[in-house]
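Undergrad: coords below, sequence missing:
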């Protein structure tokens with residue numbers, strides 16, 4: 001039986017489609033939080049970030065987005081915001097395509113006082129074993145404690161493989177239901193909901209250098225604009 005090998009165009013179209021599916025995954029999760037759990041969060045696009053936006057094709061080895069952040073601020077009676085971080089690939093080490101999601105909490109300070117890079121730091125600081133944060137583990141959760149405004153007072157995060165999120169039912173079970181519990185401050189309930197969900201340890205490896213994870217010129221420019 002002859003099986004036709006996929007063409008280069010088919011592979012690139014698949015990657016483009018996959019990224020769109022991941023964007024829809026976040027949109028659907030926020031909609032399900034609202035419609036199924038009466039939990040309301042609003043996207044904060046000014047805090048979005050992607051590694052590596054490549055605008056220097058000949059000078060850089062990065063060709064595609066390999067990580068992406070999206071943060072949502074709370075509405076109604078919710079005190080915590082939601083964060084979604086996609087981990088697609090790394091050019092120098094193997095990465096299981098995964099979604100890190102959870103909650104961010106500014107403590108007694110409002111989200112309006114948070115630095116634009118607080119969401120970014122929530123992920124990168126623990127991976128660099130950086131001193132400004134404390135990392136603890138609670139079952140499937142990684143709890144990151146820091147100090148506002150550059151770091152949230154507390155973030156509760158879990159990492160799940162993207163391959164397991166195959167449909168809306170899986171999205172509800174693996175992401176939406178536990179996230180709704182976390183957003184309500186019900187960590188024990190979220191832990192129970194994740195007891196049958198495949199999760200991955202995080203942070204598992206130390207990121208090599210700051211240059212690999214951020215565009216320093218963008219960060220400096222944003223701070224002083």
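TA: All right, it came through fine. The model shown is predicted, which means the values in this text are computed figures rather than measured ones.

Undergrad: and residue 68, that's in a strand?
TA: Yes: counting by DSSP: H, G, I helix; E, B strand; the rest coil, residue 68 falls inside a strand.

Undergrad: looking at it, it is touching residue 83, isn't it?
TA: No: the pair residue 68 / residue 83 is not scored as a contact, 11.3 Å apart, by CB atoms under 8 Å. (Each C-beta comes from the backbone N, C-alpha and C, glycine too.)

Undergrad: between the two, who's got more neighbours?
TA: residue 83 (24 against 19; other CB atoms under 10 Å).

Undergrad: for the host helix or strand of that one, packing partners?
TA: Per DSSP states H and E, residue 83 falls inside strand 81-87. With contacts taken as 3 or more CB pairs under 8 Å, 6 or more residues apart in numbering; DSSP states H and E, strand 81-87 sits against helix 8-37, strand 67-74, strand 98-105, helix 118-127, strand 154-161.

Undergrad: okay if I get the ones you listed as TSV plus mean pLDDT?
TA: Listed next are the helices and strands packed on strand 81-87 as TSV, based on pLDDT from 0 to 100:
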stretch	mean pLDDT
helix 8-37	94
strand 67-74	96
strand 98-105	98
helix 118-127	95
strand 154-161	98
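
Undergrad: Nearest to residue 133, out of those?
TA: Of all the helices and strands packed on strand 81-87, helix 118-127 sits nearest to residue 133, with 4.5 Å by CB to CB.

Undergrad: how far is that closest one from where the chain is centred?
TA: Relative to its parent chain, helix 118-127 has a centroid offset of 10 Å by CA atoms, centre = their mean, to the nearest Å.

Undergrad: What pLDDT does the model give the residue nearest the centre of the chain?
TA: Nearest to the mean C-alpha position of the chain, by CA atoms, centre = their mean, lies residue 85 at 1.5 Å. On pLDDT, residue 85 comes in at 98.

Undergrad: Now that it has come up, it's in contact with residue 97, right?
TA: No: look at residue 85 against residue 97 with CB under 8 Å: they stay out of range, at 12.0 Å.

Undergrad: How about residues contacting stretch 23-30?
TA: Residues outside stretch 23-30 that contact it (CB atoms under 8 Å, 6 or more residues apart in numbering) are 41, 43, 70, 72, 82, 84, 99, 101, 165, 168, 171, 175-176, 179.

Undergrad: Only the buried subset of those residues, as a ChimeraX command please.
TA: This is how ChimeraX selects the buried members of the contacts of stretch 23-30, with burial counted by 16 or more other CB atoms under 10 Å:
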select :41,70,72,82,84,99,101,165,171,175,176,179
